[in-house]
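> Mind folding the following:
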Amino acid sequence: MDEHESLDTLFAGVGAATEQQRSPFKFLDAYGVGDRSLFFGRDNEIHDLYARFYHSRVLLVYGESGTGKTSLIECGLRSEIPAE
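As a prediction, the model looks like this:
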């Protein structure tokens, strides 16, 4: 067995274990619709945005960089809006 085969054997299944135990932390990546089960703690904001979404033609979400604006919209709000 050469060096590459032994490393493949050593790390076999590492990616599969990672997929099964998905971490809720995405660091600098935004959460998307597929991450709804991992995205928590923002339910009040999501319901507020959802209510405001249908009241006006323009919805402005602003805040400091890194506060989760994109995740709130892409994961929270988009998962609440029915596909039409």
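> residue nearest the centroid of this structure?
Nearest to the mean C-alpha position of the chain, counting by C-alpha atoms, centre = their mean, stands Y31 at 2.0 Å.
> so it sits right up against C75, yeah?
Yes: with contact defined as C-beta atoms under 8 Å, Y31 counts as touching C75 (3.7 Å). Where C-beta positions appear, they are placed from N, C-alpha and C, glycine not excepted.
> list residues touching both of these two?
Jointly contacting Y31 and C75 under the rule C-beta atoms under 8 Å, 6 or more residues apart in numbering are F39.
> Who are the contact partners of P24?
So P24 contacts L38, F39, F40 (C-beta under 8 Å, 6+ apart).
> Narrow those residues to those that are buried.
For these, a burial check counting by 16 or more other C-beta atoms under 10 Å picks out F39.
> So, low pLDDT: which residues of this structure?
For the chain, the stretches with pLDDT under 70 are 1-22.
> same thing but at 90, please
Scanning the chain for pLDDT under 90 picks out 1-31, 33-40, 54, 56-57, 66, 81-84.
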